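Peer 1: All I have is the shape, not the residue letters:
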């Protein structure tokens, strides 16, 4: 009996440590959401329920413009990153090994270089090339940020595929293109979809590269949040945060549903 | 390693395949133009000097790098290293029990926990950092709670301290630690732990001699994923650290956008990048030691 | 008691709602090679895990070397387990794996080195101590797992289908080797398998289990020659089954009436009376085929027709149809040229000695 006790003690300990982690991860978000309904401008004390901060949010035109900009940038940069990234992953399988090792090394670099470095480098580059900073430069930056991510995800999936599948298709009379289009590509879809979702999220969330490459009038949502945060604590940010958290939860549910469908 | 490279290498023999190598070209061009070229520009500028009205004067000198050896800047570098290391250690200490717990759950529950860990990870980083600002500020929730419980008489000034930055870093990057740890621990064949138990190992010995060594790839990946972004962090120290607790990221931003000394900012960026690459190499080397299996 | 290494007393173990072990009682003698045989789901592995201490009886009690194991964790039990998957430590060398148990018991370094060396010699792995398990063949991994258990000189070594992952030829070699090693070290081995031939070859005694229950314990010969139930007979070897009524008891022999067949002579079973319903089991290899239907007092013969003949190398298996309800399997050793081969469609007599029939009460 003593031993059984020890076992369940250990399990209880692990469970409580894990729950503590969850509390740590969720409590701050939950606090934000609760206080987005607090009828007080400054106090952290509960003063009553209100929806006024959400009303303020809905009528803020600059916020809507920022959302519009963010969606535009995320959409276009994801299309670029996905097309080029999938191409890179597929092309990488088909070049001589020495070239592959070189490219693999080159792909890792953007993933480990601090984002702030990438931000300032792009800013300097555009300024010296006399390209005015705008939504276009932000989009270019985001595409460069996400391209290696897409390439790595798709390539990981590609490496797990049995090369004999394409050979079987060729053996059955398919051309190289047909074999890719009819066999490999359908098997890659789950990975590509996952990469698209991740790319969209990273772009929508990105602050640093955007911060350095954005010009006047190209405020995105994170830039807007940042400027709101920097001007001080306000219940409007709480309301905005609550909305953003809910959106990301919906996105996760969506991506999980898609994944389950793909499996 | 060698096993996975065999199936791909024979594809090279196929001429139809070889032709589709051009698919790589657009990506290579894009990354060349908008990543590698800008990096080279930064490198070049780091050896130039500041023009009178900002901008760049193209003269070669090492002055920018030599200027870094100044207690003011060294202190910022040191603070970044210490905070990033502490954040990594705390994430590991917090994340390991969680990842272990997840890995030992039935498959259905593992999924639920992964989703729970992923949700904060997919939530806007600024928002998550702001949450702590809301909680930690002098008139914030934490002080209210502590005051009303009578644990303190006057509010604690924790926002805009290194402690607040550390909390923010741990909070921001904890999922990066948990997910690779979980992946490594889920792969671990539990009968190996039972074998150790059967061979007289106490709980402590089972952890140190079996579980930890086998989770090492996950530990290293997790540490890298926390340490690297922590070292180059900008948002967290900017929002939770204020002006008093600058990290390297803030120094870079300050030099570029406030002082407008691009060459000096470039030199700092390169030192940061060097530090990041060096730590990545060190971690990976640690992972390879004794990894004959 | 004194020469018992392991005593399992009335142990009950539930896995959720299913009864994994049902009131099991077993006594295993010191130095004995004891097998637990049964199909998958019989509860064999659960018994091993109960002995090793990874699971705990819901009722009943386990004693090892005169000590109750109640509340004793695996690391304090004088038993070592050879896992089905081997469960070798992939991050430790062969030496590190074998030395692990000794290090945990804080044995002196010099002694560890010596004992690991002799364990390596015993399992014929000398010279491979610096290899890592993933670089070893299946057979070698199996030997490391065995050495890792033996080196600690436990009171009992538990083996969970240790040969399951090996191919047929290696498996047979290892059977002989395991038995030799066991005799050499004199440690009690408890060996779990679903492989009947393995259990018969190696064991001093064996237990047959099904659905958590103990069906029979005995020497291999007891189990094979005198199965206590139809299940045991079917699980070990190939039998033909008939049901009938005891007709007449006359001393050492008696007759069983089976519908549609000539009266069958068998040795008189104890505790049975005339009129009892019985099941009669006939081992396929104890039957003979002949064109001669004559029989003596101690013999049986039944007419039939060959349906199929299967060439198995070492023997021939015939399917012989006797009646609408009875198609029997008959195995005849292959003696090569000169031996009479029976062809499908041929009329034959199946013959056997009265002593070969096993009679079980219905």
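Peer 2: Perfect, thanks for sending it. Please read all numbers here as calculations on a predicted model, not as lab measurements. Numbers count the residues shown, from 1 in each chain, chains lettered A, B, ... in the order given.

Peer 1: use CA for all of it now, contacts and neighbours both
Peer 2: OK.

Peer 1: Low-confidence stretches in the stretch 151-263 of chain A?
Peer 2: Within the stretch 151-263 of chain A, the stretches with pLDDT under 70 are A:259, A:261-263.

Peer 1: Tell me how many other residues crowd the nearest residue to residue C:200 once chain neighbours are set aside.
Peer 2: Of all residues not flanking residue C:200 in the chain, residue C:220 sits nearest, at 5.1 Å (Cα to Cα, 6 or more residues apart in numbering or on different chains). As a burial measure, residue C:220 scores 21 neighbours (other Cα atoms under 10 Å in any protein chain shown).

Peer 1: The longest helix that chain B contains packs against which elements?
Peer 2: In chain B, taking DSSP state H as the definition, the longest helix is helix B:71-103. Other helices and strands packing on helix B:71-103, by 3 or more Cα pairs under 8 Å, 6 or more residues apart in numbering or on different chains; DSSP states H and E, are helix A:2-35, helix B:107-122, helix B:162-187, helix B:212-231, helix B:248-253.

Peer 1: Now render those helices as a markdown table, adding mean pLDDT, mean neighbour count and distance to residue A:243.
Peer 2: Output for these, formatted as a markdown table (pLDDT from 0 to 100; neighbours: other Cα atoms under 10 Å in any protein chain shown; distance: least, Cα to Cα, whole Å):
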| stretch | mean pLDDT | mean neighbour count | distance to residue A:243 |
| --- | --- | --- | --- |
| helix A:2-35 | 82 | 16 | 9 |
| helix B:107-122 | 87 | 16 | 13 |
| helix B:162-187 | 95 | 23 | 19 |
| helix B:212-231 | 94 | 22 | 26 |
| helix B:248-253 | 94 | 24 | 29 |
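
Peer 1: Can you say which of those is nearest to residue C:183?
Peer 2: Residue C:183 sits nearest to helix A:2-35 of all the helices and strands packed on helix B:71-103, at 34.1 Å, using Cα to Cα.

Peer 1: Which element is encountered next along the chain beyond the closest one?
Peer 2: helix A:52-58 (DSSP states H and E).

Peer 1: Unless I misread the structure, residue C:209 falls within a helix.
Peer 2: No: applying DSSP: H, G, I helix; E, B strand; the rest coil, one finds residue C:209 to be strand, outside a helix.

Peer 1: so how far is chain B from it?
Peer 2: For residue C:209, the distance to chain B equals 24 Å [Cα to the nearest Cα, to the nearest Å].

Peer 1: In the longest helix of chain B, which residues are buried?
Peer 2: For helix B:71-103, the neighbour count (16 or more other Cα atoms under 10 Å in any protein chain shown) marks B:73, B:76-77, B:79-81, B:83-92, B:94-103 as buried.

Peer 1: How about stretch C:188-203?
Peer 2: Quick answer for stretch C:188-203 (16+ other Cα under 10 Å): C:188-196, C:198-200, C:202-203.

Peer 1: Tell me the confidence at the residue nearest to residue C:200?
Peer 2: pLDDT, residue C:220: 95.

Peer 1: Same check on residue C:266?
Peer 2: On the pLDDT scale, residue C:266 gets 87.

Peer 1: what residues does the helix or strand hosting residue C:121 touch?
Peer 2: Residue C:121 belongs to helix C:109-122 when elements are defined using DSSP H and E. Residues from elsewhere that reach helix C:109-122 (Cα atoms under 8 Å, 6 or more residues apart in numbering or on different chains): C:95, C:98, C:99, C:102, C:103, C:126, C:129, C:144, C:147, C:150, C:151, C:181.

Peer 1: show me where chain C has helices.
Peer 2: Listed in chain order, the helices of chain C (DSSP H) span C:44-52, C:94-104, C:109-122, C:138-150, C:168-185, C:196-202, C:220-225, C:230-235.

Peer 1: roughly how far out does the last one sit from the chain middle?
Peer 2: For helix C:230-235, the gap between its own C-alpha mean and the chain's C-alpha mean amounts to 12 Å (Cα atoms, centre = their mean, to the nearest Å).
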